[in-house]
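[1] model the structure of this input:
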Amino acid sequence: MQSLPDLICSVKLRPKAYIGASHGVHCHYLLNFVQKIAVATCAMIIGMKIAIIGSRGYPYVYSGYETFVKELSERLVKRGVEVRVYCHRGLFENRPAKVNGIELVYLPSIETKILSQLSHSFLAMVHCCFSRSVSHILVVNTANGPFGLISRLLMKPTAINLDGMEWLRPKWRGLGARYFYFASWLSTLLYDRLVNDSEEMRKVYLDLFKKESTVIAYGANIRESKNPALIQKWDLTPGGYYLIVGRLIPDNNSDIVLKGFLKSTSNRKLVIVGDVPFQDEFARQMKAEAEKDDRIIMTGYVTDQEELAELYHNTYCYIHGHEFGGTNPTMLKAMAYGSAILALDTKFTREMLQGDDFGLFFRKSETSVTDLINDLENGPDLVESYRLKIRRALTKKYDWDHVTDQYLSLFQEMTNSSP
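    Numbering: from 1, shown residues only. Predicted coordinates for the structure are as follows:
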């Protein structure tokens, strides 16, 4: 299939073939002018090479960042933009130089919980800043804030996709929290453009750091159920369970949801998808609590995307406890897959669900969870009504093609404003 830049460049305008003679000359000049603009834009796109830093790599899909990199990179390539993604060498046994038209560069990292991403991003930033073919850099994760100094000194146009309020997350206590705040502040000083994924997060950065940012949300791919039988792997039936998806960390509040559910009158199951890739006391306590009641099913990581999708499709209600982010990819997936949603009441979840229009909300307490689950048990028609309308909340801003358009415009603006 012909790419958009090729298609634009191949257009041949012949106005005199269909325009009356009296206006033909003027329209001829006008259409020639339009064609020149299109060709100039095409040349600008073709000359771009975007390097993406800060994820685990491509096509490795582990979290929201990797999904974002996959969806954006593949679409940029289809539009004629060259893309390079920096990958963690230790995560890839096979290391092809290119996949789906995307150039892959594998670099080492110091494999510890704290230093893995930072060490890899530092090497990647140095590597691509000295790569003459790279025209723009897109960094994900505010932990990489200090590395904007490198791209600024070497005059590489660079944007950063900022994360949520990492400095408030319980897992980053003490020095970790202070570092994330410092790195987020530095991001506002060192990078050419700042990108936030929600309007509410834009307000946070404007209030705290007095810096404006561009809002570009994450996207979602609408999907229908294809094989409900996949959930039988966990002895589940459609509508017979509530669902939590996310890492077993305090800021996802799965402990509050679990304890609140256990106090409810529900005979349904509570399925908890996720884990942590390290030994952790919070996760250990969650697993111990789950063993006390046979209504609780902990699946660990579900890496098969078809199985995960069917868990979303067939849940009675998806429960979302994430607290400190902007546009959350996990809840976006629940919306795209048609799940009724019970979400922690935050300004971020209310932005995604457009107030009370497309979801229900619980306060950060076990009692609130218990009361709402009991209400849902007594109101299956209410649950069904939210399930049937949830996809209407996926407005244009959550469309991956629109997201790609916005990033492409951002890169073009950075080109125009660079010295």
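[2] what residues are up against the closest residue to residue 269 other than its chain neighbours?
    Sequence neighbours aside, residue 241 is the residue nearest to residue 269 in space, at 3.9 Å (criterion: Cβ to Cβ, 6 or more residues apart in numbering). Glycine gets a C-beta too; all of them are placed from N, C-alpha and C. With contact taken as Cβ atoms under 8 Å, 6 or more residues apart in numbering, residue 241 is in contact with 268-271, 297, 315-316.
[3] so which of those residues is the most crowded?
    In terms of neighbours by other Cβ atoms under 10 Å, these top out with residue 315 at 29 neighbours.
[4] so it, which of the three states?
    Three-state call for residue 315 (DSSP: H, G, I helix; E, B strand; the rest coil): coil.
[5] got phi/psi on the nearest residue to it once chain neighbours are set aside?
    Using Cβ to Cβ, 6+ apart and skipping the chain neighbours, the partner closest in space to residue 315 is residue 243 (3.9 Å). Dihedral angles phi and psi of residue 243 (degrees, to the nearest 10) take the values phi -130, psi 130.
[6] can you give me the neighbour number for residue 243?
    Neighbour count of residue 243, defined by other Cβ under 10 Å: 24.
[7] please apply the same query to residue 355.
    Count around residue 355 with other Cβ under 10 Å applied: 9.
[8] quick one: what helix or strand has it in it?
    In this assignment (DSSP states H and E), residue 355 forms part of neither any helix nor any strand.
[9] my read is that residue 393 contacts residue 354, right?
    Yes - contact criterion Cβ atoms under 8 Å: residue 393 and residue 354 qualify, at 5.8 Å.
[10] low-scoring stretches of this protein, by residue?
    By pLDDT under 70, the weakly predicted segments of the chain are 1-46, 61-62, 418-419.
[11] show me where it has its strands.
    49-53, 82-88, 98-99, 102-107, 136-140, 158-161, 193-196, 214-215, 241-245, 269-273, 296-300, 317-320, 341-344, 360-362 (DSSP state E).
[12] what about residue 393 and residue 354, which has more around it?
    The neighbour comparison of residue 393 against residue 354 (other Cβ under 10 Å) goes to residue 393, with 18 against 12.
[13] spit out the contact partners of that one.
    Listed by Cβ under 8 Å, 6+ apart, the contact set of residue 393 reads 335, 352-354, 357-359.
[14] now swap in residue 152 and tell me
    Residue 152 touches 158, 190-192, counting by Cβ under 8 Å, 6+ apart.
[15] for those, which one is nearest residue 202?
    Closest to residue 202 out of these is residue 191 (14.9 Å), distances taken as Cβ to Cβ.
[16] surely that closest one touches residue 140?
    No - at 11.7 Å, residue 191 and residue 140 do not qualify as touching, with contact defined as Cβ under 8 Å.
[17] mutual contacts of these two, please.
    residue 160.
[18] okay, buried residues for stretch 383-391 please.
    Using 16 or more other Cβ atoms under 10 Å as the test for burial, stretch 383-391 gives 383, 386-387, 390.
[19] rebuild the strands of the chain as JSON lines, extending it with distance to residue 408.
    Formatted as JSON lines, these follow (distance: least, Cβ to Cβ, whole Å):
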{"stretch": "strand 49-53", "distance to residue 408": "9"}
{"stretch": "strand 82-88", "distance to residue 408": "12"}
{"stretch": "strand 98-99", "distance to residue 408": "21"}
{"stretch": "strand 102-107", "distance to residue 408": "16"}
{"stretch": "strand 136-140", "distance to residue 408": "10"}
{"stretch": "strand 158-161", "distance to residue 408": "12"}
{"stretch": "strand 193-196", "distance to residue 408": "13"}
{"stretch": "strand 214-215", "distance to residue 408": "13"}
{"stretch": "strand 241-245", "distance to residue 408": "30"}
{"stretch": "strand 269-273", "distance to residue 408": "34"}
{"stretch": "strand 296-300", "distance to residue 408": "38"}
{"stretch": "strand 317-320", "distance to residue 408": "31"}
{"stretch": "strand 341-344", "distance to residue 408": "31"}
{"stretch": "strand 360-362", "distance to residue 408": "35"}
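[20] closest to residue 183 out of the ones you listed?
    Between residue 183 and the strands of the chain, the tightest spacing by Cβ to Cβ is seen for strand 158-161, at 10.0 Å.
[21] which strands and helices lie in contact with the closest one?
    Strand 158-161 is packed against strand 136-140, helix 148-153, strand 193-196, helix 400-417, with contacts defined by 3 or more Cβ pairs under 8 Å, 6 or more residues apart in numbering; DSSP states H and E.
[22] need the contact partners of the longest one.
    For helix 400-417, the external contacting residues (Cβ under 8 Å, 6+ apart) are 41, 44-45, 48, 50, 71-72, 75-76, 79, 81, 135-136, 138, 157, 159, 192-193, 195, 214, 216-221, 396-397.
[23] tell me who's in contact with the closest residue to residue 100 other than its chain neighbours.
    Residue nearest to residue 100 in three dimensions, not counting chain neighbours: residue 74, with 5.9 Å by Cβ to Cβ, 6+ apart. Each residue near residue 74 by Cβ under 8 Å, 6+ apart is listed here: 100-102.
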